[in-house]
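**Student:** Curious how this folds, go ahead:
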Amino acid sequence: SNVAAAAALVPLLDILNHRPGALTEWTTSHRSTIAVRVNAAVGAGEQVYINYGPFSNETLLASFGFALETNLADTVRLSIGNVTAALSLPVATYDIADGAGDDEELAE
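**Tutor:** Now for the predicted structure:
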């Protein structure tokens, strides 16, 4: 069979929050059943997360309505003349209120 993969919002399952590295997998059956399997221990009352995939904040915001403060999949496109490059952003936080960041380069 020639079946293409597609992304879709699934009623009730779309309330699960995204966490990079979440150990979950989706399975489907020919009877239109969708299941989410958690491949890690989950304690009573703990939230179950799913992983939407390694998307940039631009894609997460446009497609799912949120962005991550620290996103290892985030990139920035830089064009100089005819050269275009995608650069990964450093993982750092910066507090605008007091001017302090956890990255030494930002704090200087």
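**Student:** drop to CA atoms for contacts and neighbour counts, all remaining ones
**Tutor:** Fine.
**Student:** gap between the residue nearest to residue 57 when sequence neighbours are not counted and residue 22?
**Tutor:** Spatial nearest neighbour of residue 57, chain neighbours left out: residue 67 (4.9 Å); criterion: Cα to Cα, 6 or more residues apart in numbering. According to Cα to Cα, to the nearest Å, residue 67 and residue 22 sit 16 Å apart.
**Student:** cool, residue 11 as well?
**Tutor:** Residue 11 is 20 Å from residue 22, by Cα to Cα.
**Student:** Neighbour count for the two, which is higher?
**Tutor:** Using other Cα atoms under 10 Å, the more surrounded residue of residue 11 and residue 22 is residue 22, with 17 against 7.
**Student:** How about the contacts made by the more buried one?
**Tutor:** Residue 22 sits next to 49-51 when contact means Cα atoms under 8 Å, 6 or more residues apart in numbering.
**Student:** before we move on, the earlier item: who touches the residue nearest to residue 57 in this structure?
**Tutor:** 57-58, 60-61.
**Student:** quick one: low-confidence parts of this protein?
**Tutor:** 1-7, 84-108 (pLDDT under 70).
**Student:** Swap in 90 and give it another go.
**Tutor:** Low-confidence segments of the chain (pLDDT under 90): 1-37, 40-42, 48-59, 63-65, 69-108.
**Student:** Which parts of it are helices?
**Tutor:** For the chain, helices defined by DSSP state H occupy the ranges 57-64, 104-107.
**Student:** Now do the longest one: everything it contacts.
**Tutor:** Contacting residues not belonging to helix 57-64 are listed as 66-68, 71, 73-74 [Cα under 8 Å, 6+ apart].
**Student:** centre of the chain versus it, how much separation?
**Tutor:** 9 Å (Cα atoms, centre = their mean, to the nearest Å).
**Student:** Over to stretch 15-25?
**Tutor:** On Cα atoms, centre = their mean, the centre of stretch 15-25 falls 9 Å from the chain's centre.
**Student:** For that stretch, C-alpha coordinates in CSV please.
**Tutor:** In CSV, the C-alpha atoms belonging to stretch 15-25 read as follows (Å, rounded to 0.1, in the frame of the first residue of the first chain):
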residue,chain,number,x,y,z
ILE,A,15,-4.6,18.0,25.1
LEU,A,16,-1.4,16.2,25.8
ASN,A,17,1.5,18.6,26.2
HIS,A,18,4.8,18.4,24.2
ARG,A,19,8.1,17.7,25.8
PRO,A,20,11.2,17.0,23.8
GLY,A,21,12.5,13.5,24.5
ALA,A,22,9.2,12.3,25.8
LEU,A,23,9.2,8.5,25.6
THR,A,24,5.9,7.9,23.9
GLU,A,25,4.8,6.3,20.6
